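K.L.:
how would this look folded up:
(one chain, ligands or ions: 1)
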Amino acid sequence: MKLILATSNKGKVKEIKALCKDFEVIAYSELIEEFEIIEDADSFKGNALIKARAVFKALSQKNEYKDVVVLADDSGISVDVLGGAPGIYSARYASKGASDKDNLNKLIDDVKKSGVKSSPAHYTAAIAIVTPKYEYSVHGWMYGDVIAEARGNGGFGYDPMFIPLGYDKTLAELDDEIKKSLSHRAKALSLAKIILQTL
Ligand code: ITT
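P.N.:
Numbering: from 1, shown residues only. From the prediction side, this is the model:
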């Protein structure tokens, strides 16, 4: 089955491809020109559905892509000492259109400003699937701590400051295989795969 990803985030595309080896996974930008999608829902699930529906609609205007299955991921990090921020605003935490690096540096600064060296935190991923007949959504979470510094070069986004529960290194220092076995995205995708297998 062809699975079209409604995302412009290269880190997500890489991880989802590695986690969905049984499917032919294609980023929508390989089929049509990328376009801006306004993510104005008040939840991860709402924003994932907005992205999946928008890409499904754009693709279904072309005859050859009428029966596609579209999958979107909306995700983010919530930090306890910051009252759950940045949460659904993770992609635009430093400013609209901010780079991963800007967002990471702002979160490090804000954790520092709150007077702690680390704080419990968690990642959330909502995955939405849109098909010609049905819509589905599932979630996954990963718990751990954020530290007020960046360590390591792996992963993407906030990974250099996130230490998963039971480890003493950040996701950017740990092997990709470890993130693959415990991430919010991996957990949500394992549920999504059960749905995809019924289609
Ligand atoms: P799309 O909407 O095109 O999918 P995006 O990067 O804007 O791409 P989101 O709106 O879902 O995606 O924002 C997710 C934010 O949370 C973004 O800043 C990511 O860097 C961060 N994030 C999500 N999952 C992450 C992970 O596994 N590791 C590190 N950062 C992550």
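K.L.:
and stretch 89-96, how far from the chain's centre?
P.N.:
14 Å (Cα atoms, centre = their mean, to the nearest Å).
K.L.:
do the same with stretch 30-45
P.N.:
12 Å.
K.L.:
contacting residues around the nearest residue to Tyr89 once chain neighbours are set aside?
P.N.:
Once flanking residues are discounted, Tyr89 sits nearest to Gly76: 7.2 Å by Cβ to Cβ, 6 or more residues apart in numbering. For every residue, glycine as well, the C-beta is placed using N, CA and C. Contact analysis of Gly76 by Cβ atoms under 8 Å, 6 or more residues apart in numbering lists 44, 86-91, 123-124.
K.L.:
just the residues you listed: which are in helices?
P.N.:
Mapping the contacts of Gly76 onto helices (DSSP state H) picks out Phe44.
K.L.:
now do the residue most central in space within the chain against the ligand, distance only.
P.N.:
With distances taken as Cα atoms, centre = their mean, the residue of the chain nearest its centroid is Ser75 (3.9 Å). With distances taken as Cβ to the nearest ligand atom, to the nearest Å, Ser75 is found 4 Å from the ligand.
K.L.:
show me what counts as buried in stretch 20-29.
P.N.:
20, 23, 25, 27-29 (16 or more other Cβ atoms under 10 Å).
K.L.:
pull the residues that contact stretch 180-191.
P.N.:
Counting by Cβ under 8 Å, 6+ apart, 12, 15-16, 18-20, 73, 75, 122-127, 138-142, 164, 171, 179 sit against stretch 180-191.
K.L.:
having no further points to raise, I will conclude here.
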